[in-house]
Each structure stands twice: as structure tokens, then as C-alpha cells.
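Undergrad: what's the 3D shape of this:
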Amino acid sequence: MKIGAFLFAICLLGLSIGTVASAGECRVVVEDLRVTSETVDLPVRIMDAEKIGSCDLILTFNPSSFIVTDITAGDFDTTIWNLETADSGQVRIGGFQTTSDGLDGEVLVATIVFEHVGEDSTPINIQVKTLKDATPACNPIPYTIENGRLFTGGSDY
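TA: Numbers count the residues shown, from 1 in each chain. Predicted structure coming up:
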């Protein structure tokens, strides 16, 4: 009887450790950058990634301070973006794995090239529409968001 209870407790402990180990959050990050020239390259990253299979992000900014002039793809097999609402301060970027395994570690989603057109700084806010793993089930991945800011030399930080 005691051995059965002991084995049962070990099994429960194993299940709880497995749950804790797989419940790590990744971070969707845009860094703070000081703008020292007319344009600035802003990387959009997912940090502490484990088997990332797809993401769909919306970034918002102040279009009277900065405009988007270009976007380059990052580490995903396929990266797409929508600039239709960039003039109003919104860019949508998606990435997904097609033939490769899920992405781990530090993942570059894309790099956005901003041109400075105003005198003010701007927050860069991220909204995550989708963040899923590369399994056939496409499980949601827990995340936190770290918004950033583009600021000019004369702006308060």
C-alpha cells in the first residue's frame, strides 16, 4: 500500500514539473532607440522563444513623428507585412514556418525602417494577434509584451 502511494506521488510530481517547465513565457520586444539620423532600423523580436511556428503582430506609432519607409524579413521561413494603414500609424507583420522546425531563442520577426519627419518621439506599441507553436495543433504560446520608443535627441526619455 505504501509503495503504491509513493509511486502515485512521484507520478504527480513528474506531471507538475513537466507543466511548470513547459509554461515559460516568451517576450515580444521592441527596444527603445534614440534617433540620431533621418532613418532608424527598429528590430521586432521574440525573446526566449521555444518552437515558435507563427506570429501575427500589429505595431502602432505616431505618424506625425515617424513614417515607415521599408520592412525587411527576419528569421521566419515566410514573413509578410501590410503597410496599408502605415500612414495612420499602424503596421501589421506576420511570420510563419513552412518547411523548417519551430524557432528557438532570440527570433527576429522583421526590421522596420522608420524615417523621422516630426520633432517628437513616439511610443511603439505591440499588439499580438497570434503567437503559436510549430506543432500540428498550433498551440497558443504565452507571452509578455515589451513596448519600445523612438525618441529624438531633444526629446525627453
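
Undergrad: Report the central residue of the chain.
TA: Nearest to the geometric centre of the chain sits residue 28, at 3.1 Å (C-alpha atoms, centre = their mean).

Undergrad: what residues are up against it?
TA: 44-47, 55, 57, 126, 128, 131, 143-146 (C-beta atoms under 8 Å, 6 or more residues apart in numbering). Quick note: C-beta positions are derived from backbone N, CA and C, even for glycine.

Undergrad: Residue 142: neighbour count?
TA: Residue 142 has 10 neighbouring residues, counting by other C-beta atoms under 10 Å.

Undergrad: and what of residue 31?
TA: Neighbour tally, residue 31, other C-beta under 10 Å: 14.

Undergrad: which residues pair with the closest residue to it other than its chain neighbours across the strands?
TA: Once flanking residues are discounted, residue 31 sits nearest to residue 148: 5.0 Å by C-beta to C-beta, 6 or more residues apart in numbering. Residue 148 has these beta-bridge partners by DSSP bridges: residue 124.

Undergrad: got a list of what residue 148 touches?
TA: 29-33, 42, 123-124.

Undergrad: again with residue 120
TA: Counted by C-beta under 8 Å, 6+ apart, residue 120 has contacts 62, 64-65, 152, 155.

Undergrad: secondary structure class for it?
TA: coil (DSSP: H, G, I helix; E, B strand; the rest coil).

Undergrad: Local confidence estimate at it?
TA: Note on residue 120: pLDDT of 84.

Undergrad: do residue 35 as well
TA: 88.
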